[in-house]
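[1] Generate a structure from the sequence data that follows.
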Amino acid sequence: ITGSVYDERGNHLSGAVVSADKSPADGFKGMPGVFTRTGEDGTFHLRVRNGTFFVLARKRGSGELFGPTLPGDYFGFYPGNPVSLAEGRGKGVRIDAQPRQAMREKLGDAYAPAPAIVLRARVVDAAGRPVAGVRLLAYRNEGMTGFPAYVSSRSGSDGSVDLDVTEEGTYFLLARENLGGPADG
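    Below you'll find the predicted structure:
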């Protein structure tokens, strides 16, 4: 799958992460099946086997490959999704990405935030010193595998972090510096 990603003004969007996911069932969260970054000219090339894929593009202001998108981050999808490929066939696509808006900005007076339970935590290292720049992940399974149910923004310089959870229940917490793939270090 090849193509180009453009911003809301029609300019090439460099550094966007383009992914090909097999299913929308998980809300396109977590580690995609296949991904790549766009070049300076906004173009990309995804090498996939035959099958059906949903092609999306995200560009986070933080520069990170994965994690939640925040207001101001770019998001777009191929309007012809899903893309079906036979063996040896390719597909060219165009993705127009828009900056994500805050819900209040998007919905105006109709905005009513979902009730959230806020878990406040402090991330510290083995010596008890605060750790900045770490995300808190809440999993429903004790093994903390697969996609987390909730992901926080990054912890502050004092190690403090808030995690909004919309459903009551039991969660297993994990702090990670980088999202996607096995934890290193």
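[2] contacts and neighbour counts: CA atoms only from here.
    Noted.
[3] any idea which strand is longest in this structure?
    Longest strand in the chain, counting residues (DSSP state E): strand 51-59.
[4] immediately after it, which helix or strand?
    Later in the chain than strand 51-59, the nearest helix or strand by DSSP states H and E is strand 74-77.
[5] Quickly run through the sheet partners of the helix or strand following that following strand, with directions.
    Next helix or strand after strand 74-77 toward the C-terminus (DSSP H and E): strand 83-85. Strand 83-85 has its sheet partners listed here by DSSP bridges as strand 51-59 (antiparallel).
[6] Quick one: mean pLDDT for the partner strand?
    Averaging pLDDT along strand 51-59 yields 92.
[7] quick one: contacts of that strand?
    5, 15-24, 69, 73-78, 81-86, 95, 97 (CA atoms under 8 Å, 6 or more residues apart in numbering).
[8] looking at the chain, which helix or strand does the model trust least?
    Lowest by mean pLDDT, DSSP states H and E among the helices and strands of the chain is helix 103-107, with a mean of 56.
[9] Now do the buried residues in the following helix or strand past it.
    Where DSSP H and E defines the elements, the next helix or strand beyond helix 103-107 is strand 117-122. For strand 117-122, a neighbour-count test (16 or more other CA atoms under 10 Å) marks residue 122 as buried.
[10] Show me what strand 117-122 pairs with in its sheet, parallel or antiparallel.
    Strand pairing for strand 117-122, determined by DSSP bridges: strand 160-165 (antiparallel).
[11] where's the partner strand relative to the chain centroid, distance-wise?
    Strand 160-165 sits 17 Å away from the centroid of its parent chain (CA atoms, centre = their mean, to the nearest Å).
[12] what comes up buried for it?
    Quick answer for strand 160-165 (16+ other CA under 10 Å): 160-165.
[13] Would you mind giving these as JSON lines with distance to residue 142 and pLDDT added?
    Compiled in JSON lines, these are given as follows (distance: CA to CA, whole Å; pLDDT from 0 to 100):
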{"residue": "160", "distance to residue 142": "23", "pLDDT": "93"}
{"residue": "161", "distance to residue 142": "21", "pLDDT": "92"}
{"residue": "162", "distance to residue 142": "21", "pLDDT": "90"}
{"residue": "163", "distance to residue 142": "18", "pLDDT": "87"}
{"residue": "164", "distance to residue 142": "19", "pLDDT": "85"}
{"residue": "165", "distance to residue 142": "17", "pLDDT": "85"}
